[in-house]
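Undergrad: structure for this input, please:
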Amino acid sequence: MKHTARTAAMVGIAALVLAGCGSRPSDSASDSPSASPTESTSSSAPAESHPDFKACEVSDSGGFDDKSFNQTSLKGLTDAKTDLGVQTAQVESNSDSEYADNIDALVKQGCNSITTVGFLLGDATEAAAKANPKVDFSIVDYGYAKPAKNLKGLTFNTAEPSFLAGYLAASQSKSGIVGTFGGLNIPTVSIFMEGFRQGIEKYNADNGADVKLLGWNGKDGSFLNTFDDKSKGQSVAEGMIQQGADIIFPVAGPAGLGGLQAAKDKGIHAIWVDTDGCVSAAEYCDVLLTSVMKGMDVAVEQAIKDAVDGTFSNEVFVGTLANGGVGLAPYHDADSLIDDSTKSAIEDLKQQIIDGSLKVG
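TA: Predicted coordinates:
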């Protein structure tokens, strides 16, 4: 990533608190780099119809079938097709080097709105927005210090729900040790881990406990340097389990699915990110305590709707607990394991974060 763009991103992060990650399973099929974008049109009559408007999307190098980040962002595009009656097109990226070309391919198709998915597309998206002022661009998980008028950041303060997840994990750990790891050491990943750490500290302070966290100390931690390698995620999780961790919090897209597999194999629990894992990765629902969710689909669809309506602006969206842009998923299969006092404490902490009396991050 170019130094100037990285600096701008960091300014935005400091002001807004970004969060996220995403990638696709290493064994999934993908389009070739030169493939044309996949196109579709609404198959049913929506409440309103804009057949002359074309909304488009570019994934990060993980692709759209990651059961997490990209997949949820794509839902925003498909929901816009259904709800607004727009045409849609999408390009799945196979490597970081393809981002600029994939965005350009959609510009040449006449897309009126282009959403890019992920922190790593920050440079390419900004360059395309400046070169194409008549196209409205939005980007998931990136905030610019001085965005172009046609460039909107869609960011999510996942430190807040991750704090609640950390408190929950600490309350449920029998060994007094929990673990986390990330895909890449970028702010949109580490913010999950830091919120999680702070939640554990809050539990310890409130309950006279000493639950320890492996994989993140507030500055440094365990990172896979990939979002794609599920086996690497499984290996790192197994190492943490060997050190006594009985709850795993992977923040690594599909590589994190390896962490869920390790939890399943070893009979411990885990917490998923980005989406409700009991929906997106239902095969692991029996080991999940909850998931830290980001409303990327809602934010993406809203950005497209604003472009359709002519109300699009470059004001950065920040998803929070207060506006429902982030949150904890239901406890699902784990509901009976969590006592009422813990559930009540988590609800109280959530309200404190919303009303500003408890600061996270």
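Undergrad: now Ala148, what's its secondary structure?
TA: Of the three states, Ala148 takes coil under DSSP: H, G, I helix; E, B strand; the rest coil.
Undergrad: swap in Thr116?
TA: Secondary structure of Thr116, per three-state DSSP, is strand.
Undergrad: quick check: it vs Gly153, distance?
TA: Distance of Thr116 to Gly153, given as C-beta to C-beta, to the nearest Å: 11 Å. Where you see a C-beta, it was placed from the backbone N, CA and C, and this is true even at glycine.
Undergrad: please identify every residue contacting each of the two.
TA: Overlap of the contact sets of Thr116 and Gly153 (by C-beta atoms under 8 Å, 6 or more residues apart in numbering) consists of 138-139.
Undergrad: between these two, point out the one with more neighbours.
TA: Between Thr116 and Gly153, counted using other C-beta atoms under 10 Å, Thr116 has the larger neighbour count: 31 against 26.
Undergrad: show me where the stretch 251-361 of the chain has strands.
TA: Counting by DSSP state E, counting those that start in this stretch, the segments of the stretch 251-361 of the chain that form strands are 269-274, 288-294, 317-319, 326-328.
Undergrad: what's the first one packed up against?
TA: It refers to strand 269-274. In this structure, strand 269-274 packs against helix 159-172, strand 247-251, helix 257-266, strand 288-294, with contacts taken as 3 or more C-beta pairs under 8 Å, 6 or more residues apart in numbering; DSSP states H and E.
Undergrad: cool, the third one as well?
TA: Of the remaining helices and strands, those touching strand 317-319 by 3+ C-beta pairs under 8 Å, 6+ apart are strand 151-156, helix 296-309.
Undergrad: so which of these gets nearest Gly85?
TA: Proximity to Gly85 (C-beta to C-beta) singles out helix 296-309 among the helices and strands packed on strand 317-319, at 9.3 Å.
Undergrad: with just CA atoms, put the closest one into PDB.
TA: In PDB, the C-alpha atoms belonging to helix 296-309 read as follows (Å, rounded to 0.1, in the frame of the first residue of the first chain):
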ATOM      1  CA  MET A 296     -22.100  -4.500   6.000                       C
ATOM      2  CA  ASP A 297     -25.100  -5.600   3.900                       C
ATOM      3  CA  VAL A 298     -27.300  -2.800   5.200                       C
ATOM      4  CA  ALA A 299     -24.600  -0.100   4.800                       C
ATOM      5  CA  VAL A 300     -23.800  -1.200   1.300                       C
ATOM      6  CA  GLU A 301     -27.400  -1.200   0.200                       C
ATOM      7  CA  GLN A 302     -28.000   2.200   1.800                       C
ATOM      8  CA  ALA A 303     -25.000   3.700  -0.100                       C
ATOM      9  CA  ILE A 304     -26.400   2.300  -3.300                       C
ATOM     10  CA  LYS A 305     -29.900   3.700  -2.500                       C
ATOM     11  CA  ASP A 306     -28.400   7.100  -1.800                       C
ATOM     12  CA  ALA A 307     -26.700   7.000  -5.200                       C
ATOM     13  CA  VAL A 308     -30.000   6.100  -6.900                       C
ATOM     14  CA  ASP A 309     -31.800   8.800  -5.100                       C
END
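Undergrad: this completes my enquiry, with thanks.
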